[in-house]
Structures are given as C-alpha cells and as structure tokens.
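Novice: What shape does this take:
(chains A, B and C)
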Amino acid sequence: MFRKFYWLCAGLALLLLALDGAAGTLLTTTPERGKVERDPAGGTIRSHGTFVWFGGGYQGGK
Amino acid sequence: MTEPTPKLFRDEAKAESVKCLACGGPIALHTFGARQRVVCPHCGSTLAPQDSGALAVLEAAARQRQTSALPLHARGTLEGAEWEIVGICWRRCVVDGVAYPWQEFLLFNPYRGFRWLIYSISDGHWTLGGNLDGAPQILDSRHHAVRFRGRRFKHFQGAAAVVTYVEGEFTWEVRAGDKADVNDFVDPPDGLSIEQASGPDGAELTFTAQHHVEPAAVWKAFGQPGKPPRSHGVGALRPNPWRRHRRSIWLSLLVFVGAWALLTWLLANGRQERRVFADNNLDFADAYSRELTIGREGTRTAIEFTLTAEPLENSWAYADVMLVNLATEEAVGFGVEASYYHGVDGGESWSEGSPRATVTIGGVEGGKYLLQVQPQRDTANLPAAGELFIPIYPAARSPTSYGLELVEDVFLVRYSALALLIILGIPMFGGLMGWLFERRRWQNSDYSGTSE
Amino acid sequence: MQPSPVHCPECGAPAPFRGAAVSLVCEYCGSTVVRTGVDVRLIGKVSALLDNGSPILLASKGNFDRVPFEVVGRLQLRHRRGTWNEWFIAFADGTIGWLTDAQGSFSVVRPREKTIVAGKVPTFGGLALGATIVVQGVPFVAVERRAASYQGAEGVLPFAAEPGLVFHSADLRGHDGEFATLDYGEDGEHQRPTLYTGRAVELAEVGLQPLRRFEGWRA
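Specialist: Next up, the predicted model:
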C-alpha cells in the first residue's frame, strides 16, 4: 500500500516535471486573466471590475 | 486398556471419557494416548496415566476459576490444519517487580502432533509455536543473538517462567510451580525460544520455533464471537508494515532519482532563457506602455517580471502590470511591489525586502503582447528640489525612478524541487515510521533503555 | 525383498521375515520369533505394545527424498517420560532407515558408517546436554540423551526384540535442520556408537498411506 502510494506520487511528480516544467502553468501564481476592451483613444480599459480595484487599491506602506 | 494386538490399530481410535478418581467427575480425553498428565477440569487434581491405562491421582487440588481467552477443546484451523485445544497452561514471569502472565494453549492434531498457541495476557499478543527442527547456534557468549537456518535472531527478552495453573491433557509431567529459564529471540515475523529447565536427568533443553499470529486471525480460526482481546504496543514478532517492501522502495528511489536527474537536466538545458526587454530610469509620473513578443506561437512559457526602484530605503514602490495578448485580446494582470525596510532594534540590525522585486508568471501563451504598467510609489520621503540629501535616523528615501525587466523561458526550480522532495521525502518518512515502529516493539524487551 | 518361507512356531501362521529382519512379531498370535541363521526361535508373547496415539500403521507406504519405502516394523521404547515408537522402514533401493514417532514429531534417519564417529564422540555417560559435537565437519548440539527400555514391537526388526533390552541413544541437532542420532546400544561406556543422520518430516511430506483413523479427525 505504502509502496504503491510512493510510486504513484513520485510518478505524478516526475510527470508534472516532464510535461509542465517548461511552461509552468500549474505551479505559478495565478494572476488575473480576462478579456479587455479597447479604449478608442489607444489606451486599454480593463473590463473586469476586479481589475479596476486591483489597480487602484494599493495605498502603500506595510 | 488391555494389550492391543496389532489388528486393533486398524480400527478407528476413539476419544475416551473416564471418571476422575478424586472427584468422580467425567474427564474427556482427546489425545488418543499421547498424554502424560491430565488435570481434572472439575476438581483440579493432577492425574497420570498408568501402564494399565488407568489414571492415578498424583495430586488432589482445588480447582481455581481462571479465565481463559480460548476454551478447552475448542477447534480452529491455523496454517492449513485443524487443531484442538487439549491443554491450557498458565505461566508468568516477574520483571522488575511486575508480573507478566500468559497462557499457552496446547494444540493437537493426531496427524501433525502438537503446537503451542501463546497468548500474552498483559498485552494481547498471540504467537504460534512448534518444535524447532534443529538447534540454534549461539552467536554471542552474552546470548545477544542466535543463528538458525542462516537467519539471525536477536535476543529480545529472558526471564524465569513459572507455571501457575494447568487444565486439560499434557504430553509431559507438568505441574503448578514448574520453573524454566526462557530466552526469546526474534527475527519478525519469526522467533526462536530457548527454554532450560532442570529435570531429574539434568538440564532439559527445549527449542521452539515461533511465528506471529494476528489476534483477529486467531479469533476467526477458532470461530470465537465478537472481537479478540485488545492488544497494546507492538508484538515482539509482529512484522513491521513500514519495512515490508523496503528493498524495492529504495531501489525504485534510485530509479526515480535517475529519472529526476535526467528530466531536470533536459529542462535546464532545453530552454532558451531570453531577456525580452529591460528599461531603466523611468519616471513614476508616467504610465509605461510597450509592445513585445513573448515566446513562440503555440507554446506556453514562464516569465519573470522585475521591478527595480531606486533609491529605496524604508520605502516602497508598486507596479500594476497588464500584458494584453494582441491576437486574443486576453490580458494577464498582476502587481509587483518592491519595498525595503531596515533598522536597528535593541542593538541588532534587521532588514526586510529588497529594492528589486520579481514576479514569476507561468503558462503565458506565446505571441505579440502589449505591456501596460501603472507605477506607484511612497512619496513621504522624496528629496526636495535642490536639497542636499541629509541622512536622518531612521534613514528613509522614496524612489525617484524605476526600472522594468521581462525575461522569458525561465527555469522554474519549483518543479524539480517538488519532484525531488517527493522522491526522497516519502521513503524517508517511511523509514522514520519504520524506525518508530521498531522502537515501540523493543519497548517491551530487555533492551528498552528505560528501567521498565 | 523376498519373504522367506518361515512359520510361527506357536501358531503355524506364515512368519514373513524379510531382508535384514532378525525378529518378527507374529501378526496372528502376538508371539515374538527370532531368526538366527536358518534357525527360528520362539521367544513368546513379550510384546506389550501401548497405544500412544501414533497415526502410523504397519505396512503403510510412503516416500522419502523420492525413494519409496514401506513401514515393516515397529519398536516401542519406554523411558522416564513415557513411550515413543521407532518404525523400521525398508526402502525400495534395498536400504533401511528409522522413522521416529514421538508425540507427533516425526523424523527419518538412515544409518551411516560407524567409522565416521568412532572415537570422536564422548561416551553416552560423558555426553553433556547443550554441548557441541562435530560430525563430518558439521556442528551438532546434543539435545537429549536417553536410556530406554523395550516396551513392545510389531512387524519385523533388525535385532532380537525382547524384554530387558536397554537402548542408550542421544539426539543431536544441527543449525540447518540436520538430525543425527548416536546409538550406543546396550552399553553406554564406549565411543563407537552407530550414527544415524536425517531430518524432521511431516507425515504429509512423506505421503504415508494408509494412516490410522481417529474419531472426529480427517487425515
């Protein structure tokens, strides 16, 4: 039982290393992703509400 | 029993029932002539068979009500054969003032002889024993180990065993008070016991081969209702479940490490880490925008985005970053904060953070991107125009400019580290658990290290 | 093995002596008959065989190390702790051996050349239990020593089986399951016992058939 558990975990970890090690999809921070709308003036408008919050909410300091 | 002619052996041997000469109660005899002693279950008298076949009373005794884990004459199937309990012997030893009692059930099968089922009353462990077909070789003059059939058995405990009570039929002249020196040696799940008793002919040596039995297996074998008595601790002969596949686990570890080394090497060398762009001396007043190409079409890559702010002392800077894929119009948004604080606290200096902050983003699709950065900063300690900077305590300086850098196809240590952690960590965990198991096993031995 | 055409002097039934057999217990009248050369001597009904629960039957057959054998005789011995049986077995290849049957423990031993141990082992009286004795380079531990007396017999035996015989023997056990017996015979004060070597067996292993039947048990 323990042996099978070990082989499964080690196998999965090596598989993860082999398949996703270069792209890094699974083990990295998940940034905000989403579609955007284009501002006719050339800038970019963030379409998702959280983006706006994300951008303006940091007032600094610890 | 009259003298039988050889022809009588052709008939089926019958179990007998005789009357106890001491109390007149019926005694069932199930050993078909192999017995040397019988203890009457009603009055407790010890009887011995005479040549005539009758049982003469050796010792009248008051029967004690002793509880037994298994009843006399119960039958069970163990190790592929059926056995009947024909005799029960209660024994105990005293170690450091504590009495450890146990029961020995004499199992009988007319075609296979006798075995012993040993039940330790104090900790609920069971052992099956039989005659050793040979003699062990004492390895150490201090009796710390013996060898038999090429296997090494370590000394587990030695004690003086005394018979306290008996019931049923026995193949030797047993009586309450019989003493023997018993030494147990273990090589789980097997064990070896050497017993020395002084008899009329001098020292009597008995070698017993032992094997671990699970309480549940005994209960099932003898068809006993409910659950077997609870066991505590680890039995002397119980196999270590953490060491069951020890060799194949450590062998597979070597294979896994080899595969890990290969994959890590391929990952490290198969990449093309490239700095996509770097820009310095940027003004906090303006937003930053730029088009760039990340990775290759059709593949995903991991990038590192770095914000550097200077000067930075007890201050912070922040960048709100968005990467918009020009083809799909999907954006990746994140923030990077660079902060650096330091000081002296009660004579010890400390520091926290760095003027250079990096964020790693993975799974970025290859293609053309528009980078947009909104910078922010702590404005509390900006130098006034024209002023000389005069350091005050604690020194604090807010950043006046910042730099950005984006590197693609970076080497992510975490994948390799995680895999190695699992590959090495799980067997090490198993090794630790195995070691703890053995420690618990040896707690009950003469070598527990405690004055137990 | 051709049985020789001898008859029991007591009852006239056929007394099938075979091979190395010296004595025979008549199946019909229970008398012990001893053959010396061509002469046949009646000893009388001296066999007092006890039923000590043995599952082995006379005339049963089995095989040991792939050599078939037949159980042709039984010697029952008594010592302080009770009785046990030594079954005399005749192998298909003409050799003989002994199947020891004591309280459900069975072993098969074969005789070896006397010169192997002559002078190299203690006398019966000088043998200490637990001591190591080396036989042909193999260390053995002396585990038991007995002076046993004749109790009874059936079938044929390779010596005159009669009351008054005392058998001095010692059991040796090796560290790899080797069994050996030193047979000092009637007198224990010499250093030239007969050596027998072999090993422990289970009845199922030697495939002994038929076996004695016991009430309430299946073979």
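
Novice: In the record's domain split, what are the boundaries for chain B?
Specialist: B:1-63, B:75-166+B:175-239, B:274-341+B:349-379+B:391-410 (automatic domain parsing).

Novice: Okay, helices next: where are they in chain A?
Specialist: Ranges of helices within chain A are A:2-20, A:49-56, based on DSSP state H.

Novice: Mean pLDDT per helix and strand in chain C: which one sits at the bottom?
Specialist: Ranked by mean pLDDT, DSSP states H and E, the weakest helix or strand in chain C is strand C:39-44, scoring a mean of 86.

Novice: just how off-centre is that one within its chain?
Specialist: 21 Å (C-alpha atoms, centre = their mean, to the nearest Å).

Novice: List the buried residues in it.
Specialist: Across strand C:39-44, burial judged by 16 or more other C-beta atoms under 10 Å in any protein chain shown covers C:40, C:43. C-betas here are computed from N, CA, C, even on glycine.

Novice: ditto for stretch C:188-206
Specialist: C:188, C:192-201, C:203, C:206.

Novice: do the same with stretch B:224-241
Specialist: Result for stretch B:224-241 [16+ other C-beta under 10 Å]: buried residues B:228-229, B:231, B:234-238, B:240.

Novice: low pLDDT regions in chain C?
Specialist: Applying pLDDT under 70 to chain C flags the ranges C:1-5.

Novice: Of all residues in it, which one is nearest the centre?
Specialist: C:E86 (3.5 Å; C-alpha atoms, centre = their mean).

Novice: Spit out the contact partners of it.
Specialist: C:74-77, C:98-101 (C-beta atoms under 8 Å, 6 or more residues apart in numbering or on different chains).

Novice: Quick check: nearest residue in space to the residue of chain A found nearest chain B, chain neighbours excluded?
Specialist: Closest to chain B within chain A is A:G24: 2.8 Å, counting by C-beta to the nearest C-beta. Nearest residue to A:G24, sequence neighbours excluded (C-beta to C-beta, 6 or more residues apart in numbering or on different chains): B:G362, at 2.8 Å.

Novice: excluding its backbone neighbours, what's nearest B:L106?
Specialist: B:G87 (3.8 Å).

Novice: what's the helix or strand for the one you found?
Specialist: strand B:81-95 (DSSP states H and E).

Novice: just B:W350 next, same as before
Specialist: Counting by DSSP H and E, B:W350 is part of strand B:348-354.

Novice: Report the buried residues of the helix or strand just after that strand.
Specialist: Going down the chain from strand B:348-354, the next helix or strand is strand B:356-365, by DSSP H and E. Buried residues in strand B:356-365, counting neighbours by 16+ other C-beta under 10 Å, are found at B:357, B:359-365.

Novice: how far is strand B:356-365 from where the chain is centred?
Specialist: Worked out by C-alpha atoms, centre = their mean, strand B:356-365 lies 41 Å from the chain centre.

Novice: For that strand, report the contacting residues that lie outside it.
Specialist: A:23-29, A:31, B:294-295, B:299-308, B:321, B:323, B:325, B:328, B:332, B:334-339, B:408, B:410, B:412.

Novice: same thing but at 7 Å, please
Specialist: Contact with strand B:356-365 is made by A:23-25, A:27-29, A:31, B:294-295, B:300-308, B:325, B:332, B:334, B:336-338, B:410, as judged by C-beta atoms under 7 Å, 6 or more residues apart in numbering or on different chains.
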